[in-house]
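Asker: following is a predicted model, sequence given first.
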Amino acid sequence: MDDTIGIAVTGASGRMGQMLIRTIAETKGVHLSAAIERKGHDWVGQDAGQAMGGAANGVVVTDDAAQAIASADVVIDFTAPEATLAFSALCADAGVAHVIGTTGMTDAQIAELQPASQSCAIVRAGNMSLGVNLLVQLTKRVAAALDEDFDIEVIEAHHHHKVDAPSGTALMLGEAAAEGRGVALNDVRDSGRDGITGARKRGDIGFSAIRGGDIVGEHDVMFAGPGERIVLRHMATDRVLFARGAIRAAKWTQGKAPGAYDMMDVLGLND
Ligand SMILES: NC(=O)C1=CN([C@@H]2O[C@H](COP(=O)(O)OP(=O)(O)OC[C@H]3O[C@@H](n4cnc5c(N)ncnc54)[C@H](O)[C@@H]3O)[C@@H](O)[C@H]2O)C=CC1
Ligand SMILES: O=C(O)C1=N[C@H](C(=O)O)C[C@H](O)C1
């Protein structure tokens, strides 16, 4: 009987799912209790370690998410918005903590998570790394210190498989910049420029997304002012960074009251 924290990983075959399975195996105090994939996926029924091309790890990939979640201590979920909403309902039913890394959720989908947070601890963040969460705080401080003579642009680059833009991290950084300025991001957000856009509107926060190759994740926040530019930058070079952050969050949830939390809570970075 393993008395360490049992983690169920959703989207087991995905880039983050596989990284999580490997990282959980290397982390003290946790074990992989289940590997979940969608119905019809060819990994279902196979040993997760072998499906990843390595040694057997004794965990058979399942499509029975309800059963797998009910017998876990915590779920780590890097999948897709619709799937995350379904997993959220299962976590709430089972009273099992839910660590969400999935990005690309609409405001309405994020609001749909709220009822589940009455029944279980939810940690959701568009980026689980310490570095990005520090950058979020720096962005807020710099934005608060500068006036609208400084145009704020968030520039992000990711691998060519990524399906959502702007990235979850870019939106966190944009939110931080807007908060620093005392405005709502939705009132000043400018993403997807193309064609005759007109001149830049003073006070807007712009977003640009680059997609190419195997870029893990790069984010710049540029403050472009008269005669000078400040650029805050984070570069992720290995997905293990996100997996370690998610496992840290999973450990942190144990014994926590139901509620909606983020990585600032986990890392103790709240002002
Ligand atoms: N918050 C963070 O620190 C990070 C967040 N991400 C986000 O995590 C998500 C996944 O990223 P990747 O692993 O690169 O994608 P991926 O496409 O490699 O993997 C997604 C996985 O989700 C599974 N999936 C999709 N729909 C499902 C469903 N209905 N039921 C069960 N499984 C389902 C797929 O089969 C696949 O295994 C994305 O939203 C990405 O932006 C990625 C890296 C870091
Ligand atoms: O899809 C990815 O890969 C990543 N997604 C997250 C995001 O949308 O910001 C985090 C990281 O940049 C990698």
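Answerer: It's in. Ligands and ions are numbered 1, 2, ... in the order given.

Asker: skipping adjacent residues, who's closest to Arg248 in space?
Answerer: On the basis of Cβ to Cβ, 6 or more residues apart in numbering, the spatially nearest residue to Arg248 that is not a chain neighbour turns out to be Val266, at 6.2 Å. For glycine as for every other residue, the C-beta is placed from the backbone atoms N, C-alpha and C.

Asker: which SS class is the one you found?
Answerer: helix (DSSP: H, G, I helix; E, B strand; the rest coil).

Asker: who's in contact with the longest helix seen in the chain?
Answerer: If you go by DSSP state H, the chain has its longest helix at helix 130-145. Surrounding helix 130-145, the residues in contact under the criterion Cβ atoms under 8 Å, 6 or more residues apart in numbering are 125, 127, 152, 169, 172-173, 176-182, 219, 221, 223, 230, 232, 234, 236, 241, 245, 263-264, 267, 269, 271.

Asker: type out the PyMOL command that picks the buried ones from these.
Answerer: In PyMOL, the members of those classed as buried (16 or more other Cβ atoms under 10 Å) are selected with the following command:
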select buried, resi 125+127+152+169+172+173+176+177+178+179+180+181+219+221+223+232+234+236+241+245+263+264+267
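
Asker: next, count neighbours for Gly14.
Answerer: Residues near Gly14, counting by other Cβ atoms under 10 Å, number 16.

Asker: next one: it from His41, what distance?
Answerer: In this structure, Gly14 lies at 10 Å from His41, with Cβ to Cβ, to the nearest Å as the measure.

Asker: could you list the alpha-carbon positions for stretch 87-95 in CSV?
Answerer: Taking C-alpha atoms only, stretch 87-95 is exported to CSV below (Å, rounded to 0.1, in the frame of the first residue of the first chain):
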residue,chain,number,x,y,z
PHE,A,87,-13.2,16.7,-15.2
SER,A,88,-14.1,19.6,-12.9
ALA,A,89,-17.6,18.2,-12.4
LEU,A,90,-16.1,14.7,-11.6
CYS,A,91,-13.6,16.2,-9.1
ALA,A,92,-16.4,18.1,-7.4
ASP,A,93,-18.6,15.0,-7.1
ALA,A,94,-15.6,13.1,-5.6
GLY,A,95,-14.3,16.0,-3.4
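
Asker: just to revisit the earlier point, what about the residue nearest to Arg248, neighbour count?
Answerer: By other Cβ under 10 Å, the residues close to Val266 number 23.

Asker: strands - which of the contacts of helix 130-145 land there?
Answerer: Counted as lying in strands by DSSP state E, out of those, are Ile152, His219, Val221, Phe223, Ile230, Leu232, His234, Ala236.

Asker: how about the helices in the stretch 51-200 of the chain?
Answerer: 65-70, 81-94, 107-112, 130-145, 168-181, 185-188 (DSSP state H, counting those that start in this stretch).

Asker: out of these, nearest to Gly213?
Answerer: helix 168-181 (18.1 Å; Cβ to Cβ).

Asker: what angle do the closest one and helix 130-145 make?
Answerer: Relative orientation of helix 168-181 versus helix 130-145 (axes from the mean of the first three to the mean of the last three Cα atoms, to 10 degrees): 30 degrees.

Asker: is ligand 2 within reach of helix 168-181?
Answerer: Yes - applying Cβ under 6 Å from any ligand atom, one finds helix 168-181 touching ligand 2 at Gly168, Thr169.

Asker: and that helix, what does it pack against?
Answerer: When contacts are defined as 3 or more Cβ pairs under 8 Å, 6 or more residues apart in numbering; DSSP states H and E, helix 168-181 packs onto helix 130-145, strand 151-158, helix 185-188, strand 205-211, strand 217-225.

Asker: which residues sit against that helix?
Answerer: For helix 168-181, the surrounding residues in contact (Cβ under 8 Å, 6+ apart) are 103-104, 125-127, 132, 135-137, 139-145, 148, 152, 154, 156, 166, 184-185, 188-189, 203, 205, 207, 209, 217, 219, 221, 234.
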